[in-house]
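**Q** I would like the atomic coordinates for the input below:
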Amino acid sequence: MRNIDVHPIIDNAKFNRFHWTVLFWCSLIIIFDGYDLVIYGVVLPVLMQEWGLTPMQAGTLGSYALFGMMFGALIFGPMSDRYGRKRVIAICVVLFSFFTVLNGFARNATEFGLCRFIAGLGIGGVMPNVVALMTEYSPKKVRTTLVAIMFSGYSVGGMLSAGLGIYLIPQFGWSSVFFVAVIPLLLLPLVLRSLPESIGYLLHAKRDAEAGIMLSRLEPSFRTSPSDRYSMPTGKTAHVSLVALFKERRALSTLMFWVAFFMCLLMVYALASWLPKLMTQAGYGLGSSLSFLLVLNFGAIFGAIGGGYIADRLHLKTVLVVFFVIAAFSISLLGYKSPTPVLYLLVAAAGATTIGSQILLYAFVAQFYPMAIRSTGIGWASGVGRTGAIVGPILGGTLMAMAMPLQYNFMVFAIPGAIAAIAIALVARSAAHAPSEEAPLAYAAEIAAVTD
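**A** Numbers count the residues shown, from 1 in each chain. Below is the predicted model:
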């Protein structure tokens, strides 16, 4: 009987069809996740006119889904450890798809807000689970790149939302864009059939035989035996996980991560919710205003993938500081009259350096903390960041209600970018870890023995 550490097998596996399958289905789920989230910004100008919403009411209504996302992450994240990621992902897909479809039947702001909150539970719950699943099965050399590619599905969903809104809303009304959300429900049987279960959950559930089969799919050279037993060492820490975030000279860096997450997500959701409305106010038609939202998410794809590529050659800290400076600069210029090509370029840059930076921030936090407290570090940074996501739409509504000149609105949206750049600059380039916090090293001889 062999007792096998699965980390070397996963880390050193050659990219193959199994990885493509995980990447495809996780990305597809994130695409519809992004579609259902960004859709509010697409219909906001029409809803404000049709239901007579004030800017403050519209901003508050936009935050309902974000409140749901925060609770969804808290509820469905831990639930997956007990019931498996596949089941929890399926539950979340049903929640965000079904209640987004129901949004199309809402007759007033109360019904709309309730559906958005429940859909937000699924949107918030599915994201950490698919990110964790993709990370868990990715070879070490391309892990950051694969997660960035998968996460860029959020921006593809935002582009679909804006693109379909340009065509569907004038023809069939605002409700029609919500009915598109039925597609993930139709695909759910295929998702359940094709998506692999988390190997960590299989080992936790003592299903070692299934874990061995999964490893042989992931690395075809691996030969499994019914008597094999598997483990995933994660390291240990002498402190409670939350306290450990502030030990080993990590306190300042932890606080700065929280500030950066808050500011980044504030910018992302303020722009996603209010960019079309602000552009409509600036004199652009609805179709043109929605095209800015499409370009914002298009730029985010290049920011996420390009930023990850550059970070593999430089350092995530350097890339993030530069990105946040560009974000502050580009957003502040959006309020000034510019030629249309220049305006589109500024919007694309804003998308690349806000939504793109959000993805890179997750990667930086994951690399900064030791494995023993990595989930806690990501969870707390993301949780604090979610409050920024909630504040973003409300801030936009407050600014609209104050009826300030257009450039002042964008100037306020740009300030968090400058603060985030300063915060990341204060993060240590790398953390000092106690030896006991790290998982055991995988030696080449052990890898050869396992794959023999």
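**Q** quick check: next helix or strand after the single longest helix found in the chain?
**A** The single longest helix within the chain, with elements called by DSSP state H, is helix 17-50. As assigned by DSSP states H and E, the chain's next helix or strand after helix 17-50 is helix 55-83.
**Q** now the angle from that following helix to helix 17-50?
**A** Using axes from the mean of the first three to the mean of the last three C-alpha atoms, to 10 degrees, the direction of helix 55-83 lies 150 degrees away from that of helix 17-50.
**Q** check which helices and strands helix 55-83 sits against.
**A** helix 17-50, helix 85-103, helix 109-137, helix 199-204, helix 251-281, helix 374-401 (3 or more C-beta pairs under 8 Å, 6 or more residues apart in numbering; DSSP states H and E). C-betas here are computed from N, CA, C, even on glycine.
**Q** how does it look with 7 Å?
**A** If contacts are counted by 3 or more C-beta pairs under 7 Å, 6 or more residues apart in numbering; DSSP states H and E, helix 55-83 sits against helix 17-50, helix 85-103, helix 109-137, helix 374-401.
**Q** now do the buried residues in that helix.
**A** 55, 57-70, 72-74, 76-77, 79-80 (16 or more other C-beta atoms under 10 Å).
**Q** for the residue nearest to residue 153 when sequence neighbours are not counted, what are its contacts?
**A** Once flanking residues are discounted, residue 153 sits nearest to residue 30: 3.6 Å by C-beta to C-beta, 6 or more residues apart in numbering. Contacts of residue 30 were listed using C-beta atoms under 7 Å, 6 or more residues apart in numbering, and they are 130, 150-151, 153-154, 157.
**Q** one step back: residue 302 is nearest to which of the helices and strands packed on helix 55-83?
**A** Taking C-beta to C-beta, helix 17-50 is the member of the helices and strands packed on helix 55-83 nearest to residue 302, at 15.6 Å.
**Q** now do that closest one: distance to the chain's middle.
**A** How far helix 17-50 lies from its chain's middle: 11 Å, per C-alpha atoms, centre = their mean, to the nearest Å.
**Q** do stretch 190-209 as well
**A** 23 Å.
**Q** and the helices in the stretch 101-250 of the chain?
**A** Taking DSSP state H, counting those that start in this stretch, the helices of the stretch 101-250 of the chain run over residues 109-137, 143-151, 153-172, 176-179, 183-194, 199-204, 208-218, 241-244.
**Q** flag every buried residue along stretch 357-366.
**A** So for stretch 357-366, counting by 16+ other C-beta under 10 Å, buried means 357-366.
**Q** coming back round to it: Throw the helices of the stretch 101-250 of the chain into TSV and include distance to residue 103 and mean pLDDT, thanks.
**A** Shown next, in TSV, are the helices of the stretch 101-250 of the chain (distance: least, C-beta to C-beta, whole Å; pLDDT from 0 to 100):
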stretch	distance to residue 103	mean pLDDT
helix 109-137	5	86
helix 143-151	24	79
helix 153-172	13	86
helix 176-179	5	92
helix 183-194	14	91
helix 199-204	32	78
helix 208-218	37	79
helix 241-244	36	75
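**Q** quick one: closest of the helices and strands packed on helix 55-83 to residue 292.
**A** Nearest of the helices and strands packed on helix 55-83 (C-beta to C-beta): helix 17-50, 10.2 Å.
**Q** so for the residue nearest to residue 325 when sequence neighbours are not counted, what's the pLDDT?
**A** Of all residues not flanking residue 325 in the chain, residue 421 sits nearest, at 5.0 Å (C-beta to C-beta, 6+ apart). For residue 421, the pLDDT comes out at 96.
**Q** contact partners for residue 421?
**A** Per C-beta under 7 Å, 6+ apart, neighbours of residue 421: 321, 324-325, 328.
**Q** cross the residues you listed against helices and list the overlap.
**A** Using DSSP H, these in helices are 321, 324-325, 328.
**Q** okay, now residue 226: neighbour count?
**A** Residue 226: 8 surrounding residues under other C-beta atoms under 10 Å.
**Q** same question, residue 318
**A** 14.
**Q** over to residue 105?
**A** 12.
**Q** apart from its chain neighbours, what residue comes closest to it?
**A** residue 175 (7.2 Å).
**Q** looking at it, the one you found is touching residue 104, isn't it?
**A** Yes: counting by C-beta atoms under 7 Å, residue 104 is a contact partner of residue 175 at 3.8 Å.
**Q** the two: who's more crowded?
**A** Neighbour count, other C-beta under 10 Å: between residue 175 and residue 104, residue 104 has more, with 19 against 15.
**Q** list phi and psi for that one.
**A** phi -70, psi -20 (degrees, to the nearest 10).
**Q** how is this structure carved up into domains?
**A** 1-233, 234-435 (automatic domain parsing).
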